[in-house]
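>>> pasting the sequence and the predicted coordinates here, then a few questions.
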Amino acid sequence: MQLFLFHIFSNFSPKDLKNLNSLLSSFRWGCVLPKKSTISIIKCDVGSLAGHHIVPKPLFDIAEKKLERAVKKGIINNYFVFNAGDDLELLMAHEKGEQNKEIHKLAWETFKECAQKASQLKLYAAGQDLLKTAFSGNVRGMGPGVAEMEIEERGSDPIVVFAADKTSAGSFNYPLFRIFADPMNTAGLVIDPNMICGFKFEVIDTKENKAIVLKCPEEMYELLALIGTVGRYAISRVWRASDDLICAASSVSKLSLIAGKYVGKDDPVMIARAQHGLPAVGEVLAPFMHSYFVQGWMRGSHWGPMMPVGLKASKCTIFDGPPRIVAIGFQIANGKISSADEGNPIIADLFDDPAFAVARREAMQNACMLRNMGEFEPARLSAEEMEYTTIQKVLEKLGKRFKPIKQ
Ligand code: F6R
Ligand code: MG
Ligand code: MG
């Protein structure tokens, strides 16, 4: 028994040993549970070049250096830094679990350093999403967006991370529904016996700060009744119903609700797991074959067509958009993003493909149609959604000038 305990304890670093929770979760019924890996994507608008357009190189360089140092210190196993328009995206692989203080602190400090550099360079809206001054253990509720997934690695685990700019959390409701609940999108729901049991969806009510879990196909209509209201409800997690295998996680923060005023849209991130009893990567990407409408775009106040783009085109231009989404594909192996021999993670830029040209063309056609309508609904968001934007100030001023109509 002594030898057995020595074997278990010798697998933990001194830091782990301090953490009783982590110890207990690894030691159950006298046996060591399979090792878990965590994928964290944490993003923040720290300031951008030429308006709210793109993250410039000096900020990338800081993020790369910071995360490289964190690898050397053993905080994370490896990482990939990219951008979705004006949002700096830190994709990190580690074994510290979700909502880990050290990981969140690393992201927070990276964003702070980048924001300082952005200030020095007088980049636009430096530190835009850093809504709090002091770090308090978790970046949730402080401005940056987070999606995290702790997994027990399967034999081979293909992952797709999505990041969108000039839109909000609810804009992943439509693709997540199509991927995990719609047999017209995902053939596997009909063909693969491992998926026929369906999937469970956690939906967050961002206004009331409540969550509900609904199971498809049984509760598909109830799910749609909620998630069609994209400004309020957002799918935060998806599990395979037969064994509760985690399949997707997305960020659901609402910056305006944190800051109490409009400070920029909640450009979202999402992690989806694929293949072998889950939707194939091709099924995960299939909803993006066509463009669809999302809230955001100019001043976070308009409906705009989502445009899937490769990393090279991950920048917002016309009318600060149109809202764009990138998809990063990779494999997770032994707690790391699978890497080439020289150590660089192997990444697939999935939307960098002519196969998405139709969606891009549709997006621009729809963008033209909407912009022809100017500030008339439905091009502009409904009055209720506008409550969370800067138009409130204009309306308040006018309010005093309204006079009752005499009958
Ligand atoms: C949308 C966004 C931009 C800005 C717009 C005005 O999320 O960030 O569309 O709202 O460029 O920005 P300001 O008010 O900073 O001039
Ligand atoms: Mg910005
Ligand atoms: Mg942004």
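Happy to help now that I have it. Ligands and ions are numbered 1, 2, ... in the order given.
>>> just the element for residue 369, please.
Following DSSP states H and E, the helix or strand that holds residue 369 is helix 357-372.
>>> what comes up buried for whatever helix or strand comes next after that helix?
Heading C-terminal from helix 357-372, the first helix or strand you meet, by DSSP H and E, is helix 383-386. Using 16 or more other Cβ atoms under 10 Å as the test for burial, helix 383-386 gives 385, 386. (C-beta placed from N, C-alpha, C; glycine too.)
>>> ok, and what's touching helix 383-386?
Contact partners of helix 383-386, identified using Cβ atoms under 8 Å, 6 or more residues apart in numbering, comprise 231, 295, 301, 380, 392.
>>> and the first one, its phi and psi?
Residue 231 adopts backbone torsions of phi -80, psi -20, taken as degrees, to the nearest 10.
>>> so for the closest residue to it other than its chain neighbours, what pLDDT did the model give?
Nearest residue to residue 231, sequence neighbours excluded (Cβ to Cβ, 6 or more residues apart in numbering): residue 385, at 5.0 Å. pLDDT for residue 385: 86.
>>> adjust the sequence numbering to begin at 41 for everything that follows.
In the new numbering, first residue 41, that becomes residue 425.
>>> returning to that earlier point: how about the contacts of helix 423-426 in CSV, adding distance to residue 115 and pLDDT?
CSV is the format used below for these (distance: Cβ to Cβ, whole Å; pLDDT from 0 to 100):
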residue, distance to residue 115, pLDDT
271, 36, 93
335, 35, 96
341, 39, 94
420, 44, 97
432, 42, 84
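>>> re the thing from before, buried ones in the helix holding residue 409?
399, 400, 402, 403, 406, 407, 410, 411.
>>> if we only consider the contacts of helix 423-426, which is nearest to residue 224?
residue 335 (24.5 Å; Cβ to Cβ).
>>> quick one: the helix or strand encompassing that closest one near ligand 3?
Assigned by DSSP H and E, residue 335 falls within strand 333-336. No: using Cβ under 5 Å from the ion, strand 333-336 never reaches ligand 3; the gap is at least 8.8 Å.
>>> does ligand 2 sit close to that strand?
No: contact between strand 333-336 and ligand 2 is absent, the nearest approach being 11.7 Å (criterion: Cβ under 5 Å from the ion).
>>> just name whatever secondary elements that strand is in contact with.
Applying 3 or more Cβ pairs under 8 Å, 6 or more residues apart in numbering; DSSP states H and E, we find strand 333-336 packed against strand 342-345.
>>> circling back to that earlier point, which pair of the contacts of helix 423-426 spans the longest distance?
Taking Cβ to Cβ, no two of the contacts of helix 423-426 sit farther apart than 335 and 432, at 16.6 Å.
>>> between those two, who's got more neighbours?
residue 335 (23 against 13; other Cβ atoms under 10 Å).
>>> doesn't residue 110 lie inside a helix?
Yes: under DSSP: H, G, I helix; E, B strand; the rest coil, residue 110 falls within a helix.
>>> which strand residues bridge the closest residue to residue 370 other than its chain neighbours?
Once flanking residues are discounted, residue 370 sits nearest to residue 377: 4.9 Å by Cβ to Cβ, 6+ apart. Beta-bridge pairing for residue 377 (DSSP bridges): residue 372.
>>> what's the spacing between the residue nearest to residue 106 when sequence neighbours are not counted and ligand 1?
Distances taken as Cβ to Cβ, 6+ apart put residue 150 closest to residue 106, at 4.4 Å, once the chain neighbours are dropped. For residue 150, the distance to ligand 1 equals 21 Å [Cβ to the nearest ligand atom, to the nearest Å].
>>> hmm, back to that, closest to ligand 2 among the contacts of helix 423-426?
Closest approach to ligand 2 among these (Cβ to the ion): residue 341, at 14.4 Å.
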